[in-house]
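Enquirer: quick one, fold the following:
(one chain, ligands or ions: 1)
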Amino acid sequence: MIEASQLSKQFGAFQAVRSINLNIQPGELLALLGPNGAGKTTTVRMLGAILKPSSGYARICGHDVVQEAETVRSKVGLLTEYPGLYGRMAAMEYLDFFGSLLGLEAHTRQARAELLLRQFGMWEARERKLDGYSKGMKQKIALVRALIHDPPVLFLDEPTTAMDPQSARTVRDAIHDLRAADRSILLTTHNLSEAEVLADRIAIIRSGQIIAQGTIAELTRQLLGAPIYELRLAPPFPASAAAPILADLISVESQSDTALRYRTSEPHLLNPQILSRLASTGLPVLALAEVPQRLEEVYLRIVAD
Ligand SMILES: Nc1ncnc2c1ncn2[C@@H]1O[C@H](COP(=O)(O)OP(=O)(O)OP(=O)(O)O)[C@@H](O)[C@H]1O
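Expert: Below is the predicted model:
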């Protein structure tokens, strides 16, 4: 649905994007992460047929972004970092205007605008001029504009940056629903918890190059090693009481009064053995769980390298 091969962009002598390969299927969300100036927006603009690639190609729903730029634009909903809103227009008028540019019939424009304004809690403000909207409201209107023609492909550049927590949650829920409804979505964000919640896969870009790509679990495994598990015994037993009993099964990674940690790449085999060994020796287990490894650690490790 979204496909890029060796996609590159040069501004004069400066190579902003170098030979990027991407493939995003319907119902899949890829989060493109990277430091400021890494080339995220440039990539999105090329994929959205706004900026011509210097070399390589990209296709959206099978249409080439250069040869069939207009068709590509009709298939894409694009939320940019600095959406140009027409401040003297009221929300309804603005959405109607954009809908007509995209060739939507009047009744479809009206119905889509109403549905989306209600979904994002903006229906009451529909006759207010956009100049008077807050930053977060402007961002929501820009998102509604991107969705007005119900496009199969979405490019969302920092969709929740200016929003209060409740609005950000509404937008995240909407993104989740769009993914479930088989849209292909490319999200760029600096908010790693957002990427963690929404993304099927992550691509990390630095100096115009994709330096890592995969699911969070794959990248975590690759960079941070096998998953870590934590064992806690019920009081009054300190966690250290388990160490000698499990000495032949695990190698303890860290230990405190309350918890003992170890790594394993085969928890489905090892953890049942640990539990039955402890049960047979009468040590009561309070909890045994995987320690969540944060995307932030993975990201910082990759970008720092
Ligand atoms: N029109 C342009 N002319 C020259 N250089 C440009 C142009 N557009 C972008 N660049 C440069 O290309 C590089 C990548 O910019 P881009 O906006 O794609 O980064 P980004 O990853 O989106 O950054 P941020 O996270 O800060 O939004 C930057 O060094 C930027 O200065």
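
Enquirer: buried residues, the biggest helix by length in the chain. List them.
Expert: Secondary structure of the chain per DSSP state H: the longest helix is helix 165-180. Under the neighbour-count criterion of 16 or more other CB atoms under 10 Å, helix 165-180 has Ser167, Ala168, Thr170, Val171, Arg172, Ala174, Ile175, Leu178, Arg179 buried. Any C-beta I mention is one placed from the backbone N, CA and C, and that applies to glycine too.

Enquirer: quick one: it to chain centroid distance?
Expert: Centroid separation between helix 165-180 and its chain, computed with CA atoms, centre = their mean, to the nearest Å, is 11 Å.

Enquirer: name the helices or strands packed onto that helix?
Expert: Contacts defined by 3 or more CB pairs under 8 Å, 6 or more residues apart in numbering; DSSP states H and E place helix 165-180 against helix 135-147, strand 184-188, helix 192-198.

Enquirer: give me the angle between that helix and helix 135-147.
Expert: Counting by axes from the mean of the first three to the mean of the last three CA atoms, to 10 degrees, helix 165-180 points 10 degrees away from the direction of helix 135-147.

Enquirer: tell me what angle helix 165-180 forms with strand 184-188.
Expert: 140 degrees.

Enquirer: what's the burial count for Asp164?
Expert: If you count neighbours by other CB atoms under 10 Å, Asp164 ends up with 11.

Enquirer: wait, it sits on Gly136?
Expert: Yes - using CB atoms under 8 Å, Asp164 is in contact with Gly136, at 5.9 Å.

Enquirer: where do the strands sit along the stretch 1-150 of the chain?
Expert: 2-11, 14-24, 29-33, 55-60, 63-64, 76-79 (DSSP state E, counting those that start in this stretch).

Enquirer: what residues does the fifth one touch?
Expert: Strand 63-64 has contacts (CB atoms under 8 Å, 6 or more residues apart in numbering) with Tyr57, Ala58, Thr71, Val72, Lys75.

Enquirer: returning to what we had before: which two of the buried residues of helix 165-180 have the greatest separation?
Expert: Ser167 and Arg179 (18.9 Å; CB to CB).

Enquirer: just checking, Ile216 touches Ala203?
Expert: No - the criterion here is CB under 8 Å, and Ile216 misses it with Ala203 at 11.7 Å.

Enquirer: okay, these two: which has more neighbours?
Expert: Shown here are Ile216 and Ala203; by other CB under 10 Å, Ala203 has more neighbours (24 against 18).

Enquirer: that one touches Ala31, doesn't it?
Expert: Yes - between Ala203 and Ala31 there is a contact under CB under 8 Å: 7.4 Å.

Enquirer: ok so, going back, switch the strands of the stretch 1-150 of the chain over to CSV; also include distance to Leu249 and mean pLDDT.
Expert: Listed next are those as CSV, based on distance: least, CB to CB, whole Å; pLDDT from 0 to 100:
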stretch, distance to Leu249, mean pLDDT
strand 2-11, 46, 97
strand 14-24, 41, 97
strand 29-33, 37, 96
strand 55-60, 50, 97
strand 63-64, 56, 98
strand 76-79, 51, 94
